[in-house]
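S.K.: Show me how the following folds:
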Amino acid sequence: MNYREAQSVQPVTLDDVRGAQKMLSGVARVTAMEGSRHLTQLVGAPVHFKCENLQRTGSFKLRGAYVRIAGLLPEERAAGVVAASAGNHAQGVALASSLLGVRSTVFMPKGAPLPKISATKEYGAEVRLHGQVVDETLAAAQEYAAETGAVFIHPFDHPDVIAGQGTVGLEILEQCPEVRTIVVGIGGGGLAAGVAIAVKALRPDVRVVGVQAAGAAAYPPSLTAGRPVSIENPATMADGIKVGRPGDVPFGIIGTLVDEVRTVTEDELSAALLLCLERAKLVVEPAGASPVAALMSDPGSIEGPVVALLSGGNVDPLLLQRILRHGMAAQGRYLAVRLRLTDRPGALATLLGVLSVVDANVLDVSHVRTDPRLGLTEAEVELHLETKGPTHCAEVGRALRQAGYTVID
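M.R.: Residues are numbered from 1 along each chain as shown. I've put the predicted structure just below:
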């Protein structure tokens with residue numbers, strides 16, 4: 001669906017983005033463009049990854065944060081800056097502030113992953129933990145700004161931030177001049193808006209496709225309504241695009257210049273992250289994998305050559321472990337099965353022998369012998385198995401039933 005609205009004046013221009021590019025020279029990396037053979041075969045046209053997961057601080061956020069802080073007046077710099085973030089924006093603000101000699105305070109939720117808290121501190125920010133969700137953290141940061149005079153650095157709703165993020169679009173056109181479609185994840189919209197400004201000004205023939213997580217998709221209803229609309233309780237593993245309301249500034253740009261906004265499921269995000277890790281050897285966070293998820297979910301609908309913008313790689317190791325297991329399960333490569341067997345010596349060994357014959361790798365076994373639900377001579381076993389796909393999962397189930405086991409769904 002194409003959401004295009006008339007807007008006479010854009011708050012960010014190509015000249016702004018080019019100015020940001022000069023400002024970021026020697027600060028932000030020109031990140032690599034890598035081809036994906038697997039997705040190229042799937043889509044039927046060349047697919048490339050723009051690897052912002054390899055950017056300093058692990059995401060594109062440094063670009064916008066640096067441009068915003070560098071544009072402050074001397075008296076504003078002297079007052080310091082403050083931000084609120086669960087991760088990527090926090091690190092971008094921290095490093096940008098350190099490079100520019102500006103004092104920074106970053107509010108983060110109490111449940112923020114420890115690696116992100118540690119990295120933000122190491123980049124030079126004072127970290128304050130407040131609230132359980134980002135909205136509470138954001139309110140605390142804004143209150144701090146009002147009390148101290150520190151400048152609040154918004155993660156996406158400011159023209160300077162959007163101009164900084166737009167430099168990714170300039171690099172894409174330079175590195176892949178034959179591109180026909182750019183796919184980019186959308187949270188508040190700063191990255192997609194910046195990329196669209198740069199790309200449409202130079203190459204109006206290139207399609208820009210935005211991607212949101214289905215559980216945090218505020219843009220489709222907002223674009224339909226013609227104004228930013230809030231959604232209640234956004235829920236997704238992709239915390240980098242988990243935003244309940246579009247930013248006012250990027251919303252107008254995206255409504256005018258972005259050709260389409262799609263949504264992807266949690267299963268599709270898991271499968272995309274797994275593909276990036278296995279096939280491309282790239283660690284990508286769920287938000288960064290959202291363009292890949294869109295390509296995998298409907299590969300024939302996007303004209304190539306395609307550039308999928310991998311926006312970040314800051315994923316908590318514990319979350320990564322859960323996501324990979326979820327992605328493997330969605331692809332039929334991980335199977336959890338619960339079954340009943342007769343409680344007698346050697347019964348478990350016999351069961352494992354059946355699994356060995358069908359080449360299922362046992363990852364974990366839970367053996368319950370005493371439970372009110374069980375008969376006097378029954379035991380219950382829960383197995384976590386590594387399998388080779390849906391066909392192999394079905395083969396494992398048949399082998400267990402043929403051996404006389406009662407499989408509990």
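
S.K.: can you confirm Val209 is in a strand?
M.R.: Yes. Assessed by DSSP: H, G, I helix; E, B strand; the rest coil, Val209 belongs to a strand.

S.K.: who's in contact with it?
M.R.: Going by C-beta atoms under 8 Å, 6 or more residues apart in numbering, Val209 touches Thr181, Ile182, Val183, Val184, Val258, Asp259, Glu260, Val261, Arg262, Pro291, Ala294, Ile302. Glycine gets a C-beta too; all of them are placed from N, C-alpha and C.

S.K.: just Val161 next, same as before
M.R.: Gly64, Ala65, Val67, Arg68, Ile153, His154, Pro155, Gly190.

S.K.: With adjacent residues omitted, what lies nearest to the residue nearest in space to the middle of the chain?
M.R.: Centroid check for the chain by C-alpha atoms, centre = their mean gives Ala287 as the closest residue, at 0.9 Å. Leaving aside its chain neighbours, Ala287 sits nearest to Gly240 (2.9 Å; criterion: C-beta to C-beta, 6 or more residues apart in numbering).

S.K.: helix, strand or coil for the one you found?
M.R.: With three-state DSSP as the basis, Gly240 sits in helix.

S.K.: how many neighbours does it have?
M.R.: 28 (other C-beta atoms under 10 Å).

S.K.: Test my guess that it contacts Leu310.
M.R.: No. Gly240 lies out of contact with Leu310 (C-beta atoms under 8 Å); the separation is 11.1 Å.

S.K.: Name the residues contacting each of those two.
M.R.: Joint contacts of Gly240 and Leu310 (C-beta under 8 Å, 6+ apart) are Gly288.

S.K.: those helices in the stretch 301-409 of the chain, which residues are they?
M.R.: Taking DSSP state H, counting those that start in this stretch as the test, the helices found in the stretch 301-409 of the chain are 317-330, 347-357, 390-402.

S.K.: so where does His48 fall, helix or strand?
M.R.: Per DSSP states H and E: His48 is located in strand 47-51.

S.K.: partners of that strand in the sheet?
M.R.: According to DSSP bridges, strand 47-51 forms sheet pairs with strand 33-35 (antiparallel), strand 306-310 (parallel).

S.K.: most packed of those?
M.R.: Most buried of those, by mean neighbour count (mean count of other C-beta atoms under 10 Å): strand 306-310, with a mean of 29.

S.K.: Let's test this: mean pLDDT of it, rounded?
M.R.: What strand 306-310 shows for mean pLDDT is 98.

S.K.: so how far is it off the chain centroid?
M.R.: 13 Å (C-alpha atoms, centre = their mean, to the nearest Å).

S.K.: now swap in stretch 10-19 and tell me
M.R.: Centroid separation between stretch 10-19 and its chain, computed with C-alpha atoms, centre = their mean, is 26 Å.

S.K.: again, but for stretch 305-316
M.R.: Relative to its chain's centre, stretch 305-316 lies at 8 Å (C-alpha atoms, centre = their mean).

S.K.: Between its first and last residues, how far does that stretch reach?
M.R.: 32 Å (C-alpha to C-alpha, to the nearest Å).

S.K.: what do you get for stretch 231-240?
M.R.: Using C-alpha to C-alpha, one end of stretch 231-240 lies 16 Å from the other.

S.K.: Buried residues, it. List them.
M.R.: Ile231, Pro234, Thr236, Met237, Ala238, Asp239, Gly240 (16 or more other C-beta atoms under 10 Å).

S.K.: The residue nearest to the fifth one when sequence neighbours are not counted: neighbour count?
M.R.: Right, the one you point to is Ala238. Spatial nearest neighbour of Ala238, excluding adjacent residues (C-beta to C-beta, 6+ apart): Pro286 at 3.7 Å. By other C-beta under 10 Å, 27 other residues sit near Pro286.

S.K.: gap between Pro286 and Pro228?
M.R.: Distance, Pro286 to Pro228, by C-beta to C-beta, to the nearest Å: 23 Å.

S.K.: before we move on, what about Gly313?
M.R.: Remark: distance between Gly313 and Pro228 (C-beta to C-beta) = 29 Å.

S.K.: Kindly report the same for Leu295.
M.R.: Distance, Leu295 to Pro228, using C-beta to C-beta: 27 Å.

S.K.: ok, these two, which is more surrounded?
M.R.: Leu295 (27 against 21).

S.K.: Now for that one: which residues touch it?
M.R.: Here Leu295 is in contact with Leu39, Leu42, Val43, Val47, Val183, Ile302, Val306, Ala308 (criterion: C-beta under 8 Å, 6+ apart).

S.K.: For it, grab phi and psi.
M.R.: Torsion angles at Leu295 (phi, psi; degrees, to the nearest 10) stand at phi -70, psi -40.

S.K.: got it, and Ala83?
M.R.: phi -140, psi 160.

S.K.: now do Ser230
M.R.: Per degrees, to the nearest 10, the backbone of Ser230 is at phi -90, psi 140.
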